[in-house]
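**Q** Give the three-dimensional model of this entry:
(one chain, ligands or ions: 1)
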Amino acid sequence: MKLPIHTPIFFRCPPLKSYNPGGDASDSSQKARSLFPAPPAGGRDSRPFWTAGIFFSALSVILTFCARTLPGFAQRYAVTVYPVLAGTLGRFCSLFPLSLSEAGLYILILFSLYYLCRNIKKPLRVLSRGFMICSCLLFLYTVNCGINYYRNPFSYEAGMVMEKSSTEDLYRLCAYLIDQINASIEPAEHTEGPLKGLYPGQTEDTPLPSPADLRAMGIAGQEAMEGLGEQFPQLKGFYPYPKPLMGPRLLSVQQLCGIYSPFTIEANYNREMPYYNIPHTICHELSHLKGFMREDEANFIGYMACIGSQSPDFRYSGYLMGWVYAGNALAKVDLEAYYELHSRLKPEAVKDLVWNNQFWDRFDGKVAEASNQLNDRYLKANSQEDGVRSYGRMVDLMLAYYKDRL
Ligand SMILES: [Zn+2]
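**A** Numbers count the residues shown, from 1 in each chain. Next up is the predicted model:
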């Protein structure tokens, strides 16, 4: 049971010298208050933070539980509530040219360090604030991303039938992709694109894209996704502006191309990676913003958006990315056929692929390994049973799409 503050247990007799006959009422009341022991460091003033933290955590747990167990809950949420969030918070954050989630991360780290130093002797105060911030972030993650993992897959909504495919189907798909890459490589086509002829054929010496190039690429990405929305009504609607990270090395060391920030509903990408990854990554992340969280499906949606784009840079990126996935799958079942097709690639595309491998090889190491394991666990925790391997299932989606088209 809690004791009232005036209980004699805590009461201390005032020292004799504290009595001041000449003092006014307010003076004596101040003195009287100072006689009580101070509450435990960070104790009483932390209560609102603990309460808010518990509230947001509980709400997140309840919503996740509903998404996992109640049939139709996540789907209804994804098509009713989530679009409102994306259309308000996402639209607002889209107004800023820089990544708010990245800026927020740096500010949060600096502020946390400052606050920790100032309150090092008040652990309860630090813990309560930390708990509340984590709970708020968990809540934002749940409503802007977590629930969407349990919605209907895009392939189901788009009526795609996933069937077993033969090696011949895979070969046909790969041959088609090679032809499309070569057709989309014409130098004249790329001089007017966002990268103004900087690629295809990128090497280590090619300069990084300028802010204006990145801006043009972001807008082209929005247009590509809006264009795909004409083909698939599930993808119709507004797309926020995708943003390059100020510190792209943060992603490179983890061997990541991009990241979706559920806290700000922003699509962020790595601006220092080889160019051909950028357009596809922009569209991949934008598909997450539309509420489709599965990695294989985001890859497929990104591919479809790129190849239907007005920009030759985007079309080239989509076909080359498609070939990397499909070609790797072909190499596993028929290495000779893979080499034969690879030899048909134009030299510029080969250069891009070589530079891509060289770039990512630089970041092979413990950080990338740990990040990969973390990503794997994260995807499995969100019922993506294949974890990071699910990225490869994009090939099955391409095969299903091209089944009667090739
Ligand atoms: Zn993704």
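
**Q** Can you pull the phi/psi pair for Asn268?
**A** phi -110, psi 140 (degrees, to the nearest 10).

**Q** Could you do the one 5 residues further on as well?
**A** In this entry, Met273 is assigned phi and psi values of phi -70, psi 160 (degrees, to the nearest 10).

**Q** Numbering from 59 from now on, please.
**A** Sure thing, new numbering starts at 59, so read that last one as Met331.

**Q** Now do the contacts for it.
**A** By CB atoms under 8 Å, 6 or more residues apart in numbering, the contact set of Met331 is 306, 309-310, 315, 339, 417-418. Every C-beta, even on glycine, is put in place using the N, C-alpha and C of the backbone.

**Q** what's the burial count for the residue nearest to Gly285 when sequence neighbours are not counted?
**A** Nearest residue to Gly285 in three dimensions, chain neighbours excluded: Gly366, at 5.5 Å (CB to CB, 6 or more residues apart in numbering). As a burial measure, Gly366 scores 17 neighbours (other CB atoms under 10 Å).

**Q** what comes up buried for the helix or strand Asp271 falls within?
**A** Taking DSSP states H and E as the definition, one finds Asp271 inside helix 269-289. Under the neighbour-count criterion of 16 or more other CB atoms under 10 Å, helix 269-289 has 271-276, 278-284, 286-287 buried.

**Q** can you check stretch 112-126 too?
**A** 114-115, 118, 121-122, 125.

**Q** Return the residues in contact with the residue lying closest to Glu343 once chain neighbours are set aside.
**A** Leaving aside its chain neighbours, Glu343 sits nearest to Ala325 (3.5 Å; criterion: CB to CB, 6+ apart). Neighbour list for Ala325: 298, 300-301, 316, 318-319, 340, 343-344, 346-347 [criterion: CB under 8 Å, 6+ apart].

**Q** Now name the helix or strand holding Ala325.
**A** Element membership of Ala325 [criterion: DSSP H and E] is strand 324-327.

**Q** if I pick the most centrally placed residue in the chain, what's in contact with it?
**A** Centrality entry for the chain: nearest residue to the mean C-alpha point is Tyr318, 1.7 Å, by CA atoms, centre = their mean. Remark: with contacts taken as CB under 8 Å, 6+ apart, Tyr318 is in contact with 203, 324-326, 343, 346-347.

**Q** one more time with 6 Å
**A** With contact taken as CB atoms under 6 Å, 6 or more residues apart in numbering, Tyr318 is in contact with 343, 346.

**Q** Let's verify it: helix, strand, or coil?
**A** strand (DSSP: H, G, I helix; E, B strand; the rest coil).
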